[in-house]
Each structure stands twice: as C-alpha cells, then as structure tokens.
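Novice: Have a look; sequence and predicted model below, questions after that.
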Amino acid sequence: MDTQLAPRVRLHVEDSGGPGRPVVLIHGWPLSGAAWAPQVAALQDAGYRVISYDRRGFGRSDKPETGYDYDTLAADLAGLLEDLDLRDVTLVGFSMGGGEVARYLSTQDKGRLHSVAFASAVPPYMMRSQDNPEGPLTKDAVEEMEEGLRADRAGFFRQFARDFYTAEGRLCVPEEALRNAVALCEQSDQTAALACMEAFGTTDFREDLRHVDLPVLVIHGSSDGIVPIEGSGERIHVMVPGSSLQVIEGAPHGCNVSHPKEFNRALLQFLAL
C-alpha cells in the first residue's frame, strides 16, 4: 500500500495487518524496507502487526529533491503512524533508521509509542570532532564516500554491500543475499543517497537521546565495520539509563540478515516485555 503524508511525499508501506501490537521497521542506508525480510516473517509468526516502509528517496517511495534532513524524516515517520492510527508502537531503527527513532523521540508524539530499538544504529553522533572524540567517522572518510558514490555509483554499491555484511575479513551472507542488497541500493535516488549520507554522518543525536523515557533495546554486532559498536551501540547504552544491550558476537553491520536467529531472538524477547 501507499500512504500520503504531509509534507506531500508518498511512502511505500508494507503492513501485515496482524492482530498484535504494531512494530514499525525503519531501514538503513541505502536500502529499503525489503531489507527487513528476515524479521517480518518472524514477527508475523509471533503475532505482531508488522509495518515496514521505504524512506523517501529510496525503494518504491517518492523521490523528491529535498527533505533528507532528520527533522523531515522523523516527520515522515510521524505521519505514517498518524495515517495508520498506530498506538502502543515499537519502533525499530536500523543504522540510519536509528537516527529517525532518536529524532522522533525528541520532536514527535511519544504517546503513540510503547518502546524503541536501535539496531546497528548511527546515534549518538558519528562525526568525530573535538567534543566528540569517540565518533567513528572522520571528515576525510565522508568525503571519500561521497566521491566514490558520485564517480562510480554501481561500483560503490557493490563494495558497500560487501562491507555491510563482512566481519573480520569474512563475508557472512551468501552471494545471493549480497546481490539482493545491491539491487536494493540501486533503487535509491542519487540525490537522496548523497543527502542522507551527509545526514547520518553529520547529525548529532546526543540531545535527542536525553528525551528517551521508554524501554530501549540496543542490538549491535561485535564486528560491525560500518558503524563500530564502540562508537555507537555501546554509547547509546551508556547514555540511556535502563536500556538493554544485546551484542551479537562476530556479526557485521548487517546483522539482521547475517545472524537472523540471534537478532530475532533478541528483538522478540524485548517485545515480550
């Protein structure tokens, strides 16, 4: 289905319509909601209503020229919850999607939420700086990524997808899963991909996380080479009192696909609380 949201973008939404509490899955960059396939089936089997969607500019959603800052992306998410009148919701944000969760918590109606989960997520702040020395991303690395995406989009996505699922030099998914990931990357709009790259790399979520007063799960692979756990997952856990940290040993960034049993077990245990 499609849902029409202010500010006038049409998001592609998959809604299982199940009988249980709603779980909204927010995908990582530069994929689409289809990247959640290993979780959708498990959550449906457990009785949850599962909603995934393609972020603006990605997958089958509208691809406008603007609106790729986190305030707008969080407003898109809020519009989806309002359009579907979802309540008692668990938001699950993967990688870039964790930023939408964080920004939603500080700018939107938390009354619709039951809990949130950050999976391989970019908060609290990726960019390394004088006041953020733990940030795992440097300005040089951002410039290199941007240049690579501009110069050779297809080649960049092939390498990025491989890095996404590689841990300690070993590819952790079958080649078919790698090809599927590349195909999802290629559905992204170039303007959206570049703008969102800047957004997740440079947005500071430290203040947003101070607004968290809900149950929180943090899931992260111990061998994440894209968003290292030391600079992100572990820091979220420290910054959010009472949060639960589930580390998937030996898992890469794309741990929901490479280690679906461990990922789904941690998520389902959290949802049952």
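Specialist: That came in fine, so what should we check first?
Novice: Show the pLDDT at Phe263.
Specialist: If you check Phe263, the pLDDT there is 98.
Novice: Doesn't it lie inside a helix?
Specialist: Yes: assigned with DSSP: H, G, I helix; E, B strand; the rest coil, Phe263 falls within a helix.
Novice: is it true that it touches Cys255?
Specialist: Yes: with contacts counted by Cβ atoms under 8 Å, Phe263 reaches Cys255, the gap being 5.6 Å. Where C-beta positions appear, they are placed from N, C-alpha and C, glycine not excepted.
Novice: Overlap in contacts, these two.
Specialist: Residues touching both Phe263 and Cys255 (Cβ atoms under 8 Å, 6 or more residues apart in numbering): 119, 219, 248.
Novice: List the ones among those residues that fall in strands.
Specialist: Applying DSSP state E to the shared contacts of Phe263 and Cys255, the entries found in strands are 119, 219, 248.
Novice: what are the phi and psi values for His12?
Specialist: Per-residue torsions, His12: phi -80, psi 120 (degrees, to the nearest 10).
Novice: Now it: closest residue in space, sequence neighbours ignored.
Specialist: Arg60 (3.8 Å; Cβ to Cβ, 6 or more residues apart in numbering).
Novice: Verify the stated contact: the one you found with Glu14.
Specialist: No: counting by Cβ under 8 Å, Arg60 does not reach Glu14; the two are 9.8 Å apart.
Novice: Quick one: the helices in this protein, in order.
Specialist: 37-45, 70-83, 96-107, 139-151, 153-164, 175-186, 190-202, 206-209, 233-239, 255-258, 260-271 (DSSP state H).
Novice: In JSON lines, list these along with distance to Asp54.
Specialist: Putting the helices of the chain into JSON lines (distance: least, Cβ to Cβ, whole Å) gives the following:
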{"stretch": "helix 37-45", "distance to Asp54": "13"}
{"stretch": "helix 70-83", "distance to Asp54": "10"}
{"stretch": "helix 96-107", "distance to Asp54": "11"}
{"stretch": "helix 139-151", "distance to Asp54": "19"}
{"stretch": "helix 153-164", "distance to Asp54": "16"}
{"stretch": "helix 175-186", "distance to Asp54": "9"}
{"stretch": "helix 190-202", "distance to Asp54": "11"}
{"stretch": "helix 206-209", "distance to Asp54": "23"}
{"stretch": "helix 233-239", "distance to Asp54": "25"}
{"stretch": "helix 255-258", "distance to Asp54": "16"}
{"stretch": "helix 260-271", "distance to Asp54": "21"}
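Novice: of all the ones you listed, which lies closest to Thr90?
Specialist: helix 260-271 (6.1 Å; Cβ to Cβ).
Novice: Packing partners of that closest one?
Specialist: helix 37-45, strand 113-119, strand 216-221, strand 244-248, helix 255-258 (3 or more Cβ pairs under 8 Å, 6 or more residues apart in numbering; DSSP states H and E).
Novice: Please name whichever of these is nearest to Val173.
Specialist: Of all those, helix 255-258 comes closest under Cβ to Cβ, at 5.2 Å.
Novice: now the closest one, how far from the centre of its chain.
Specialist: Here the centre of helix 255-258 is set off from its chain's centre by 13 Å, with Cα atoms, centre = their mean, to the nearest Å.
Novice: ok, residues contacting it?
Specialist: Contacts for helix 255-258 (Cβ under 8 Å, 6+ apart): 35-36, 38-39, 94, 119-120, 165, 167, 172-173, 177, 181, 219-221, 224, 248, 251-252, 262-263.
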